[in-house]
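# Have a look; sequence and predicted model below, questions after that.
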Amino acid sequence: GAGVSQSPSNKVTEKGKDVELRCDPISGHTALYWYRQRLGQGLEFLIYFQGNSAPDKSGLPSDRFSAERTGESVSTLTIQRTQQEDSAVYLCASSFGQLDTQYFGPGTRLTVL
Amino acid sequence: GENVEQHPSTLSVQEGDSAVIKCTYSDSASNYFPWYKQELGKRPQLIIDIRSNVGEKKDQRIAVTLNKTAKHFSLHITETQPEDSAVYFCAAIAAGGTSYGKLTFGQGTILTVHP
């Protein structure tokens, strides 16, 4: 079946603007994860959902970052008042259950000018 | 929370040689350890994983070993090929506590296989 999809693939925005990033997990996967990857760096955990609830928000860098998931499917990651340090690739992953293999989407490359 | 350390940060080998990447983890409750390969500009792809009830797993030229007592696991690639060149990430998943289900990644290893 279809893999994890993310949109947009690229987003260029001006400092101070809000952005919304979208993730469509694999159908039937109850767990959904957001990661950030700065250029040449590793993967930084942001938040994950089990169903529609987010048990662990510890990775969100600041209160400008928020995420929601509705209907145990699509999730959106919102970054308010973007800053240049928010520039990165935002990766989404999903898994059947919380301890199962995570499959990654192609990512959204965010550039804040 | 979990902390995963990965070494080396860069690894350069000749085609046909073996490559070994090592990771250590801190949370003894972790019980699932995947390895991901990420080519430039691409998404991370799972290449092999191991659960804590086994000590070794092989898939063709790739193998992973796990030592739960010492809390370390390693990726072994034999007969390396230029297409193995990529960044490799190890990870460990928390199996308890408030971080249950959270995957913590190592810092990554840039593997270069020279023809």
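Sure, I can see it.
# which parts of the helix or strand hosting residue A:110 are buried?
Applying DSSP states H and E as the criterion places residue A:110 in strand A:108-112. The neighbour-count check on strand A:108-112 (16 or more other CB atoms under 10 Å in any protein chain shown) flags A:108, A:109, A:110, A:112 as buried. C-beta: built from backbone N, CA, C; applies to glycine.
# Can you tell me which of those comes closest to residue B:15?
Nearest to residue B:15 out of the buried residues of strand A:108-112 is residue A:109 (CB to CB; 31.8 Å).
# For the closest one, name its beta-bridge partners.
Judged by DSSP bridges, the bridge partners of residue A:109 are residue A:10, residue A:89.
# you'd agree it is up against residue A:11?
Yes - the pair residue A:109 / residue A:11 is scored as a contact, 7.2 Å apart, by CB atoms under 8 Å.
# ok so, going back, tell me how far the strand holding residue A:110 is from the chain's mean position?
Strand A:108-112 has its C-alpha centroid displaced from the chain centroid by 12 Å (CA atoms, centre = their mean, to the nearest Å).
# Show residues contacting it.
Residues external to strand A:108-112 that are found in contact with it (CB atoms under 8 Å, 6 or more residues apart in numbering or on different chains): A:6-15, A:19, A:21, A:79, A:82-90.
# Can I get that strand in CSV, CA atoms only?
Listed next in CSV are the C-alpha coordinates belonging to strand A:108-112 (Å, rounded to 0.1, in the frame of the first residue of the first chain):
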residue,chain,number,x,y,z
THR,A,108,9.2,18.7,4.3
ARG,A,109,12.1,21.0,3.7
LEU,A,110,11.4,24.3,5.5
THR,A,111,13.4,27.4,4.8
VAL,A,112,12.8,30.5,6.8
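# if we can go back for a sec, mind checking which of the contacts of strand A:108-112 are buried?
Looks like the contacts of strand A:108-112 have A:6, A:11, A:13, A:19, A:21, A:79, A:82, A:86, A:87, A:88, A:89, A:90 buried, using 16+ other CB under 10 Å.
# Farthest pair within those residues?
A:6 and A:82, at 17.5 Å, using CB to CB across the buried ones among the contacts of strand A:108-112.
# thinking again about what came up before, tabulate the buried residues of strand A:108-112 (TSV), appending pLDDT and distance to residue B:103.
Formatted as TSV, the buried residues of strand A:108-112 follow (pLDDT from 0 to 100; distance: CB to CB, whole Å):
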residue	pLDDT	distance to residue B:103
A:108	98	19
A:109	97	22
A:110	98	21
A:112	97	26
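# quick one: which of those is nearest chain B?
Top of the list for closeness to chain B, among the buried residues of strand A:108-112 and by CB to the nearest CB, is residue A:109 at 9.1 Å.
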